[in-house]
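A.B. asks: could you look at this predicted model? Sequence included:
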Protein chains: 2
Amino acid sequence: MAGYTIAVVGATGAVGQTTLRVLEERKFPVRELRCYASPRSEGKTVEFAGQPIRVERLTAEAFRGVELAFFSAGSAQSREFAPKAVAAGALVVDKSSAFRMDPEVPLVIPEVNAHALRGHRGIVAAPNCTTVVTVMGLAPLHRAARVRRVIAASYQAVSGAGVQGVEELRRQILAWARGEAMESAFFPHRIAFNLIPHIDRFAENGYTGEELKLVHEARKILEDETIRISPTTVRVPVFTAHSVAVTAETERKVTVAEARELFARFPGLRLWDDPAENRYPMPALVEGQDDCFVGRVREDLVWEHGLAFWIAGDQLRKGAATNGVQIAELLVGQRDR
Amino acid sequence: MAGYTIAVVGATGAVGQTTLRVLEERKFPVRELRCYASPRSEGKTVEFAGQPIRVERLTAEAFRGVELAFFSAGSAQSREFAPKAVAAGALVVDKSSAFRMDPEVPLVIPEVNAHALRGHRGIVAAPNCTTVVTVMGLAPLHRAARVRRVIAASYQAVSGAGVQGVEELRRQILAWARGEAMESAFFPHRIAFNLIPHIDRFAENGYTGEELKLVHEARKILEDETIRISPTTVRVPVFTAHSVAVTAETERKVTVAEARELFARFPGLRLWDDPAENRYPMPALVEGQDDCFVGRVREDLVWEHGLAFWIAGDQLRKGAATNGVQIAELLVGQRDR
């Protein structure tokens, strides 16, 4: 039977689950599928193409015969096992932050920098989900007029923190509906009816890891170390889809009309911008969609060459699983040529 | 009995209700209290100092003998009745947008520009709630180092849209908890587990009324028409308290240490900024508080003289009722001198 032997590491997680769904939807040629997760999930089953698949514990031998491995089990797992997978002959698409800033590892959003895949050494990194959504909006502007400075404020869904984030919001909301106290076990504070301006650890300079990922990853993907980015990332009580309020300055002035055209033409991006019809991107609109949606496009009031826009994307799909499967499609196409 | 004859117009609304509570808490000298609302609410009762007060229908005669009137019933009501109240001898504190940009009407946040009250002609306007929260953070920086440019993204609670906004979120969440469909009647889209980047009407330039209020009101309050502000305002599924991610450029460089000191010293502002202890402002923290809370203070990564911070305030209190009662305290103090 045609197709590839594929391993999904972190198969029970939010991104792993979505990866299985996206592989199926996009009819990725799968001959054999092996699913791995932490010892805690060993023996659980996940579903693929209507079949239950037993989740195995990850070991060094897991990758024998594997041609393609998707990693979304966290940095520590990737750091330990991705090189083993490569040694066993697999191509690795890594959703963790482990290798993103490694100069020998391409960091790829296929619509933006597919060419970076050339010369990979077995591992390709997929960016942080907020980075993907933000850069999908910046890339067409950067290509046309060089993005110079960016100020971004994010509104990030709980599923960006994984299944436990989803469970925590659900549990707190249901407790509230029953008139009971809302208890926090996973996030540092209550997330129901609240906002937490804190994602990942704080660095010395007062920025969070999530914010610094956006700063550094966007530069690498857009291949321009001179872009300056100032982010604030915030967790909001939304289940799925990240949204970002972006203000960007370009070297050359881009009018609103030109920006709209650039956005509308960019693959993977949909212009959803008709204020008179109350049409603008929202989590409820983009949940389950592979494209990112951009709207509220307007002239910025601070920079002469500035544009403001609002972009939203399903961070489990384009922000993670879809982006990863798109990378895999390019990788196997490259190999087969 | 000492005290003033007071009218509260819009007494059954979210701001009106909070105004009654704040008058009581701050022991404002009330001799007589008259409560007015739309015909729909006529005959309802509200509570003040443990006493039920019948809500009357607003008429031109309502202000006979009234010394101080709080208006929070919307612009149309203010435009029609505030001049009548002034003609009857009352001082008016107006929470609507009706007179805010009128050059003859002071627009006041007491901690920021109390001096603007001098020479009022009977009406004093209180700013939009998002403006209050944002300007409480900008004012100390502006005073010390002149704010030049501001990019702000807001995260606004449903109660900013009034009692109906609160009811809509509650109704949708309870429907979700029962496994039922979430229906939207008040906001243009579902607000539960969603974000709506649209508050007030869209203007020609693509900005919303809410965004342009911030642009214009902040300049008037800070008394500097050269400040450039680029806002994005977003409704979030939070019941109370608005939060704003602010990036501000100042004429002279303000270090993070200096900014922290300026914030900590500013009346009505509390520095809540200890990342190592997961301490930063959040709606759940500031709900019910009169002060605004500022944290996540850090050097901005885009502007050389830039600072980023995150500020949150209970928009029914400092954003509306508390700010109005503070204005009233100054007005009656002025008159009594």
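C.D. replies: Looks like it came in fine.
A.B. asks: return the per-residue confidence for the residue of the stretch 1-150 of chain A found nearest chain B.
C.D. replies: The minimum distance from the stretch 1-150 of chain A to chain B, using Cβ to the nearest Cβ, falls at A:R149 (4.7 Å). Using the backbone N, CA and C atoms, a C-beta is placed for each residue, glycine as well. On pLDDT, A:R149 comes in at 98.
A.B. asks: pull up the pairing partners for the helix or strand where it lies, direction included.
C.D. replies: Element membership for A:R149, per DSSP states H and E: strand A:147-155. Strand pairing for strand A:147-155, determined by DSSP bridges: strand A:228-232 (parallel), strand A:242-250 (antiparallel).
A.B. asks: turn these into CSV, including mean neighbour count and mean pLDDT.
C.D. replies: Converted to CSV, these look like this (neighbours: other Cβ atoms under 10 Å in any protein chain shown; pLDDT from 0 to 100):
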stretch, mean neighbour count, mean pLDDT
strand A:228-232, 24, 98
strand A:242-250, 27, 98
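A.B. asks: so which bits of the next helix or strand after the strand holding A:R149 are buried?
C.D. replies: The helix or strand immediately downstream of strand A:147-155 is helix A:163-177, counting by DSSP H and E. Using 16 or more other Cβ atoms under 10 Å in any protein chain shown as the test for burial, helix A:163-177 gives A:163, A:165-166, A:168-169, A:171-173, A:176-177.
A.B. asks: give me the low-pLDDT residue ranges for chain A?
C.D. replies: For chain A, applying pLDDT under 70 flags the ranges A:1, A:335-337.
A.B. asks: state which helix of it is the longest.
C.D. replies: helix A:129-145 (DSSP state H).
A.B. asks: angle of it against strand A:147-155?
C.D. replies: Calculated by axes from the mean of the first three to the mean of the last three Cα atoms, to 10 degrees, helix A:129-145 forms an angle of 150 degrees with strand A:147-155.
A.B. asks: CA atoms only for helix A:129-145, dumped as PDB, please.
C.D. replies: Extracted in PDB, the C-alpha atoms of helix A:129-145 (Å, rounded to 0.1, in the frame of the first residue of the first chain):
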ATOM      1  CA  CYS A 129       1.000  29.400  17.400                       C
ATOM      2  CA  THR A 130       0.800  33.100  18.100                       C
ATOM      3  CA  THR A 131       3.800  33.700  15.800                       C
ATOM      4  CA  VAL A 132       2.100  31.800  13.000                       C
ATOM      5  CA  VAL A 133      -1.100  33.900  13.300                       C
ATOM      6  CA  THR A 134       0.800  37.200  13.500                       C
ATOM      7  CA  VAL A 135       3.300  36.500  10.800                       C
ATOM      8  CA  MET A 136       0.600  35.400   8.400                       C
ATOM      9  CA  GLY A 137      -0.600  39.000   8.600                       C
ATOM     10  CA  LEU A 138       2.900  40.500   8.500                       C
ATOM     11  CA  ALA A 139       4.300  38.500   5.600                       C
ATOM     12  CA  PRO A 140       2.400  40.000   2.700                       C
ATOM     13  CA  LEU A 141       3.200  43.500   4.000                       C
ATOM     14  CA  HIS A 142       6.800  42.600   4.500                       C
ATOM     15  CA  ARG A 143       7.200  41.100   1.000                       C
ATOM     16  CA  ALA A 144       5.600  44.300  -0.500                       C
ATOM     17  CA  ALA A 145       7.000  47.000   1.600                       C
END
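A.B. asks: buried residues in that helix?
C.D. replies: Applying 16+ other Cβ under 10 Å to helix A:129-145 flags A:129-142, A:144-145 as buried.
A.B. asks: count of neighbours near A:A73?
C.D. replies: When neighbours are counted by other Cβ atoms under 10 Å in any protein chain shown, A:A73 registers 26.
A.B. asks: hang on, it in a strand?
C.D. replies: No. Under DSSP: H, G, I helix; E, B strand; the rest coil, A:A73 falls outside any strand and is assigned coil.
A.B. asks: residue contacts, it?
C.D. replies: Neighbour list for A:A73: A:9-10, A:13, A:16, A:36-38, A:58, A:96 [criterion: Cβ atoms under 8 Å, 6 or more residues apart in numbering or on different chains].
A.B. asks: quickly note the distance from it to B:A181.
C.D. replies: Look at A:A73 and B:A181: by Cβ to Cβ, to the nearest Å, they are 36 Å apart.
A.B. asks: please apply the same query to A:F48.
C.D. replies: Counting by Cβ to Cβ - A:F48 and B:A181 are separated by 31 Å.
A.B. asks: same question for A:P110.
C.D. replies: Distance from A:P110 to B:A181, by Cβ to Cβ: 36 Å.
A.B. asks: who has more neighbours out of these two?
C.D. replies: More crowded of A:P110 and B:A181, by other Cβ under 10 Å: A:P110, with 20 against 9.
A.B. asks: residue boundaries of the strands in chain A?
C.D. replies: A:4-9, A:30-37, A:45-48, A:51-57, A:68-71, A:91-94, A:123-125, A:147-155, A:228-232, A:242-250, A:269-271, A:292-299, A:306-313 (DSSP state E).
A.B. asks: what does the stretch 101-250 of chain A have sitting close to chain B?
C.D. replies: Taking Cβ under 8 Å from any Cβ of the partner chain as the measure of proximity, the stretch 101-250 of chain A contacts chain B at A:149-151, A:153, A:155, A:173-174, A:176-177, A:188-190, A:193-198, A:202, A:205-207, A:215, A:228-232, A:234, A:236-239, A:243, A:245, A:247.
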